[in-house]
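> build me a model:
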Amino acid sequence: WLIQMYTEFSYYKEALVNLVRKGAEGEQQIKAMMEKFRNNPPVAIAGNKVTRILDYKSSEEKDPATGKTKKIGLPQSDVLQFITADGSKISVRPSGTEPKIKFYISVSAKLGSAEGYKATSKQLDDRLKVIEKEIIL
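Below you'll find the predicted structure:
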């Protein structure tokens, strides 16, 4: 049943990466990472152009190609989300309770048939690894 759902709705895979930075110095490193992502966001991730940047702290969504912004109608939070042309989503946020920064990565692909499941699964795993290496400083 699950593979049939993938053929109908696409196959999604996700990864969560936690970077721990200890002490006051670690807290400053995490803040610096968030500032860098805000002030100098990636143009492309894993070879795919970033098409949308959502900054939940400023409540704005930005189109990097045009520079146009619009309001996000959700509560403010120290979260950034980058969406690429292939539909990948990378969300970054510092933990509110621990000295770490979290990266949530979501990738997807069309699954044309059940026979392509293994190859598509490997393709998505490979894409997750590339994104992890590129996005995590």
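> what's the longest helix in this structure?
helix 117-135 (DSSP state H).
> buried set for that one?
120-121, 124, 127-128, 131, 135 (16 or more other Cβ atoms under 10 Å). The C-beta positions use only the backbone N, C-alpha and C, and glycine is treated the same way.
> so for it, what's the average pLDDT?
Averaging pLDDT along helix 117-135 gives 95.
> show me the contact partners of it.
For helix 117-135, the external contacting residues (Cβ atoms under 8 Å, 6 or more residues apart in numbering) are 3, 6, 11-15, 17, 42, 45-47, 82, 88, 90, 92, 103, 105, 107-109, 111.
> centroid-nearest residue for the chain?
Ile90 (0.3 Å; Cα atoms, centre = their mean).
> tell me the predicted confidence for that one.
At Ile90, pLDDT is 97.
> who touches the nearest residue in space to it that is not next to it in sequence in this structure?
Excluding its sequence neighbours, the residue lying closest to Ile90 (Cβ to Cβ, 6 or more residues apart in numbering) is Phe82, at 4.7 Å. For Phe82, the contacting residues are 41-42, 45, 50, 52-53, 89-92, 135, by Cβ under 8 Å, 6+ apart.
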